[in-house]
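Asker: just to be clear, the model below is a prediction. Sequence and coordinates:
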Amino acid sequence: MTLLDAPEYDAVRARRSRNIAMALFVVGVAGAFGARWFWNWPEERHVSTFPAIVEPGDQAKAYGMWTQYPKWQQHPERYQAYGFDRLQQDWRSGRKYGQIRSYKFALSRFWGKVVTIGVDIYGSKAPVLLWVDHKTKKIDISPVELYRPICDTQLH
C-alpha cells in the first residue's frame, strides 16, 4: 500500500475516537480531583470518632483510640510522653479545650506520612491541630501550624 492508496476517511470512526478520547480525559480529570478531595477521608473519619468518645467523658476509651492500643492500661509505661493523666487534663471539661459540645473539620493536609487535621471545637477561633499517622492511625498533637485562608467575610 502506498500513500496514494490510503483508505477512505471514515467520519463515524473519527468521531467515535474523538469522543472516547474526550471521555477518558474528563474521567481522568474527575478522578484526579476526586482522589485529591477524598485523600484524607480515612484519617478524617478516624479523628471524627475521637471527639464523639471524649464528649460523654469516656477518657479511657479515648486514650485507647489516641494510642491505637485499646489495652493501654496493661502497659502504661509505653505512653509516658503523652500519658493518660495529660489527656484527661487537656480534654476534660473546663480544661485546655473545654467540654466538646460540637465540632467540625476546619482543614486537612497530607504532610509526609501523617495527615494534619484542624478541628474547630464549638466555634473556637483557632482549630485544634491533630496529627494522624497515615499507616497506624495513631493520633497526636500536631507540631505543624496550619492556617485557614482569610475570607472576605472575615475581613469586615
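Answerer: Cool, got the structure. Numbering: from 1, shown residues only.

Asker: now do the strands in the protein.
Answerer: All strands of the chain, identified by DSSP state E, fall at 103-111, 114-121, 128-133, 139-141.

Asker: what's the mean pLDDT across stretch 2-11?
Answerer: Averaged across stretch 2-11, the pLDDT comes to 81.

Asker: now do stretch 53-71
Answerer: Per-residue scores along stretch 53-71 average to 80.

Asker: before we move on, what about stretch 19-35?
Answerer: Rounded mean pLDDT across stretch 19-35 is 96.

Asker: now render the strands of the chain as TSV, adding mean pLDDT.
Answerer: Formatted as TSV, these follow (pLDDT from 0 to 100):
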stretch	mean pLDDT
strand 103-111	76
strand 114-121	80
strand 128-133	83
strand 139-141	80
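
Asker: looking at those, which is buried most?
Answerer: strand 114-121 (a mean of 21; mean count of other Cβ atoms under 10 Å). Yep, even glycine has a C-beta here, placed from its N, CA and C like the rest.
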